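Enquirer: When you get a sec, could you give me coordinates for this:
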Amino acid sequence: MSNARQDAIAAVTNYKSNGTALNFRDTESSSIFASNVFGDKAMKARLPKAVYKALQKTIRQGEKLDSSVADAVASAMKEWAIEKGATHYAHVFYPLTGLTAEKHDSFLSPTEDGSALSEFSGKELIQGEPDASSFPSGGIRATFEARGYTAWDPTSSAYILENPNGTTLCIPTAFISWTGEALDKKTPVLRSMQALNKQAQRILKVFGKENVGPITASAGPEQEYFLIDRNFYFARPDLVTTGRTLYGAKPPKGQEFEDHYFGAIPERVLACMLETERELYKLGVPVKTRHNEVAPAQYEVAPVYENANVATDHQQLIMLTLQRVALKYGMACLLHEKPFAGINGSGKHVNWSLGGSVGNLLEPGDNPHENAQFLVFCAAVIRAVHLHGDLLRMTVAHSGNDHRLGANEAPPAIISIFLGDQLADIFEQIENGSLTASKAAGTMTIGVDTLPPLPKHAGDRNRTSPFAFTGNKFEFRAVGSNQSIAGPLVVLNTIVAESLDYVATALEKETGGDPSKLNAAVAKVVQTIIKEHKAVLFNGDGYSEEWHKEAEKRGLPNLKSTIDALPVLIAPKNIEMFEKYGVLSPREVHSRYEIYMERYCKDINTESQAALSIAKTMILPAAYRYQGELAATAASLKAALGNADMTMLKTVTEMVGELEKSIAGLESAIGHHSGGNLAAEAKHFHAEVIPAMLAVRSVADKLETVVADDLWPLPTYREMLFIK
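Expert: Sure, this is the predicted structure:
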């Protein structure tokens, strides 16, 4: 066996935790929740009353920030952070890499007498200046144009990030260029929420509800991930370089026994989960659920929904914390959408809704057919998804997610809406012009006397739907596990804002300001929407071939790959919509298209180079050695017995020849260039390089099943997924 594999297996099987057990008995989770957050409690205790009230108006009411309060906030924030051991502060931002970025600065400033003082001004709180030259800008900034700004987001609380050697005050910020364009994920989220609020307020005004405070989008993203031992991880160059395995034969056992899903969580994994949750609690992240997922070595953590902007920041913290804590337990956290071929990949289901002091606007209540406000907002979402399903699909388009979508483990690339039996029936009644009742929820009797009756929902759930109504929210299931939820939220907020604008305009016209005409106006507008947009509603099996044919008849787009989906972003209608609602300028839209296309090319290029290197330096030499052993054995047998069975030698020789040929094909495909034409380059990677990679993998995976185990250089799927 290769040393790397042998050492990895020995290390895993002999693993002993070096960590100190956490004290859960003496320290309740509730007592540490948000303890490292400069939230409402800390602000109320430390800020002057007038400053506190002014800041709360910005945070809770969406009023413009008064910069005069910044010095008082900065002073209180600094003192709070220093009490918690902080020596530095960091403006945390979210560039278009999709990752989290930080610029750390010390509180200390030298004095003339050779000592130092801890200082932190309002100016330093409000604005930072990281070097923007090396972040993706899509042509907005030339490489030599380095100036960029971070701007304090007071609606997302500052927090303390702990490290064994100290702590840092982290301040969530927006990131913009010197010329004013958004270079980040946060800024468009905030803009889209502003647009959503403006249009929702118009509809509420028609319903006689004014001065109700801001209406905000909420999000609750479920995070799927894999945990494998770090020894296996570092013995796999493909995992280290690309986040997924580029080679690996299917193991004798995968997920077909369905024994991992919601099974007992392995002790080592559970210990890691518990510490992850504890760290997230300190940061105010409301994680709620943990469990085994479908695939072996796959798990899930899910937070309670919260303000979409805050949820986006928290989601980045969840991913970072999962990866950091996993290291303490000798594991690697894999967030790629498809780290292992042949078993389920990982998604990030984003539960989305909107509401405020008036409650959840997508809450149907006990009698949805009588809830005109709910029907209006739900119909607006239906219209939005039908008109802009291609744009919603675009938001989840990247190389990793191409492995999931439509693969009978995740929603299809066709965007449709599942409403459930109750709402489907209600909207069908509305379409027919006779809305009289809602299907009752009822109860379920199990048939065991000692078990109580259970409340039964009025409709089932549909795991094959990419956009499903699940009680009082919509669940967007197509989001990839490795991506920021900001992009999907920006598009979702914007298309719903556009649809609410349409509905508000129609209701205002129909009622003319007369409340007595409201019911008739609602009936007419909702009926029109359903008649025109019912094609997007589908309650059946989204995996079935029949649905794909039916969706085509309905005119629903089926954008199967990233290169099919990304051009939707720069369609004139979408550029116009983003500009109209102040979410993205045309220049910002085009920059994102360039960045995402370039990222696709970089991803596939990195994978192909890694695949080529592993094939040439690890797999092919192992095959040669085995071929040599077989040849030597055959020669010895022939010399001793006069003949020898050459079947295996011939088989391996043929496979080695196929591998050499496929390697040459991959080298040729990689060597192609499209003269700077990004779209052509992306198409080449999709049409030529990916098939060439798969051709190499096909032969390599067959060789793994025949080459002597002691010669195979890479940890196998069986080892990585099942040796804990």
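Enquirer: Outside of the one helix or strand residue 58 maps to itself, list whatever touches it.
Expert: In the assignment (DSSP states H and E), residue 58 maps to helix 49-61. For helix 49-61, the external contacting residues (Cβ atoms under 8 Å, 6 or more residues apart in numbering) are 40, 43-44, 47, 63-66, 69, 72-73, 154-155, 213-214. All C-beta spots, glycine's among them, are computed from the backbone N, C-alpha and C.
Enquirer: Among these, which one is most surrounded by other residues?
Expert: residue 73 (26 neighbours; other Cβ atoms under 10 Å).
Enquirer: Wait, a helix at it?
Expert: Yes - counting by DSSP: H, G, I helix; E, B strand; the rest coil, residue 73 is part of a helix.
Enquirer: Please tell me I have it right and it contacts residue 124.
Expert: No - checked against Cβ atoms under 8 Å, the pair residue 73 and residue 124 is beyond contact range at 11.3 Å.
Enquirer: re earlier: tell me how far the helix holding residue 58 lies from the chain's centre.
Expert: Centre-to-centre, helix 49-61 and its host chain are 32 Å apart (Cα atoms, centre = their mean, to the nearest Å).
Enquirer: as a whole number, average confidence for that helix?
Expert: Averaging pLDDT along helix 49-61 yields 91.
Enquirer: Just the buried positions in that helix, please.
Expert: For helix 49-61, a neighbour-count test (16 or more other Cβ atoms under 10 Å) marks 51, 52, 54, 55, 56, 59 as buried.
Enquirer: can you tell me which of those lies nearest to residue 34?
Expert: residue 59 (14.6 Å; Cβ to Cβ).
Enquirer: For the closest residue to residue 134 other than its chain neighbours, give its distance to residue 723.
Expert: Setting aside the residues directly before and after it, residue 134 is nearest to residue 143 in space (Cβ to Cβ, 6 or more residues apart in numbering), at 7.8 Å. According to Cβ to Cβ, to the nearest Å, residue 143 stands 46 Å off from residue 723.
Enquirer: and the closest residue to residue 372 other than its chain neighbours, what is it in contact with?
Expert: Excluding the flanking residues, the one nearest residue 372 by Cβ to Cβ, 6+ apart is residue 522, at 4.7 Å. Counting by Cβ under 8 Å, 6+ apart, residue 522 touches 372, 375, 376, 507.
Enquirer: What's the first helix or strand after whichever strand or helix holds residue 522?
Expert: Assessed by DSSP H and E, residue 522 sits inside helix 518-533. Sequence-wise, the next helix or strand downstream of helix 518-533 (DSSP H and E) is helix 545-554.
Enquirer: next one: that following helix to chain centre, how far?
Expert: How far helix 545-554 lies from its chain's middle: 28 Å, per Cα atoms, centre = their mean.
Enquirer: Which positions within that helix qualify as buried?
Expert: 547, 548, 550, 551, 554.
Enquirer: Mind listing residues that contact that helix?
Expert: If you take Cβ under 8 Å, 6+ apart as the criterion, helix 545-554 is touched by 412, 414, 416, 535, 536, 538, 540, 541, 558.
Enquirer: ok, now how distant is the first one from residue 402?
Expert: Read it as residue 412. Residue 412 is 13 Å from residue 402, by Cβ to Cβ.
Enquirer: tell me the average confidence for stretch 64-80?
Expert: pLDDT averaged over stretch 64-80 gives 90.
Enquirer: picking up where we left off before, same drill for residue 143 and residue 723, tell me which one is more crowded.
Expert: Of the pair residue 143 and residue 723, residue 723 is the one with more neighbours under other Cβ under 10 Å, namely 18 against 8.
Enquirer: The closest residue to the more buried one other than its chain neighbours: which element?
Expert: Residue nearest to residue 723 in three dimensions, not counting chain neighbours: residue 12, with 5.2 Å by Cβ to Cβ, 6+ apart. Residue 12 is part of helix 3-13, with elements assigned from DSSP H and E.
Enquirer: Okay, buried residues for that helix please.
Expert: 4, 5, 8, 9, 12.
Enquirer: Could you identify the helix or strand that succeeds it?
Expert: helix 29-32.
Enquirer: Packing partners of the helix or strand that that following helix is followed by?
Expert: For helix 29-32, the following helix or strand on the C-terminal side (DSSP H and E) is strand 37-38. Where contact means 3 or more Cβ pairs under 8 Å, 6 or more residues apart in numbering; DSSP states H and E, strand 37-38 is packed against helix 70-83, strand 158-163.
Enquirer: Would you format these as a markdown table with distance to residue 94 included?
Expert: Formatted as a markdown table, the helices and strands packed on strand 37-38 follow (distance: least, Cβ to Cβ, whole Å):
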| stretch | distance to residue 94 |
| --- | --- |
| helix 70-83 | 20 |
| strand 158-163 | 15 |
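Enquirer: and residue 33, which of these is closest to it?
Expert: strand 158-163 (12.3 Å).
Enquirer: tell me the helices in the stretch 451-600 of the chain, going along the chain?
Expert: Taking DSSP state H, counting those that start in this stretch as the criterion, the stretch 451-600 of the chain carries its helices at 486-511, 518-533, 545-554, 562-565, 572-580, 586-614.
Enquirer: would you put the C-alpha positions of the helix or strand just after the last one in PDB?
Expert: Meaning helix 586-614. For helix 586-614, the following helix or strand on the C-terminal side (DSSP H and E) is helix 620-641. Extracted C-alpha coordinates of helix 620-641, given in PDB (Å, rounded to 0.1, in the frame of the first residue of the first chain):
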ATOM      1  CA  LEU A 620      -0.300   5.900 -14.400                       C
ATOM      2  CA  PRO A 621       2.900   4.900 -12.500                       C
ATOM      3  CA  ALA A 622       0.800   2.700 -10.200                       C
ATOM      4  CA  ALA A 623      -0.700   1.000 -13.300                       C
ATOM      5  CA  TYR A 624       2.700   0.600 -14.800                       C
ATOM      6  CA  ARG A 625       4.000  -1.100 -11.700                       C
ATOM      7  CA  TYR A 626       1.100  -3.500 -11.500                       C
ATOM      8  CA  GLN A 627       1.500  -4.200 -15.200                       C
ATOM      9  CA  GLY A 628       5.200  -4.900 -14.500                       C
ATOM     10  CA  GLU A 629       4.300  -7.300 -11.700                       C
ATOM     11  CA  LEU A 630       1.900  -9.200 -13.900                       C
ATOM     12  CA  ALA A 631       4.400  -9.400 -16.700                       C
ATOM     13  CA  ALA A 632       7.100 -10.700 -14.300                       C
ATOM     14  CA  THR A 633       4.700 -13.200 -12.800                       C
ATOM     15  CA  ALA A 634       3.600 -14.400 -16.300                       C
ATOM     16  CA  ALA A 635       7.200 -14.700 -17.400                       C
ATOM     17  CA  SER A 636       8.100 -16.800 -14.300                       C
ATOM     18  CA  LEU A 637       5.100 -19.100 -14.800                       C
ATOM     19  CA  LYS A 638       5.900 -19.600 -18.400                       C
ATOM     20  CA  ALA A 639       9.500 -20.400 -17.600                       C
ATOM     21  CA  ALA A 640       8.400 -22.800 -14.900                       C
ATOM     22  CA  LEU A 641       5.400 -24.400 -16.500                       C
END
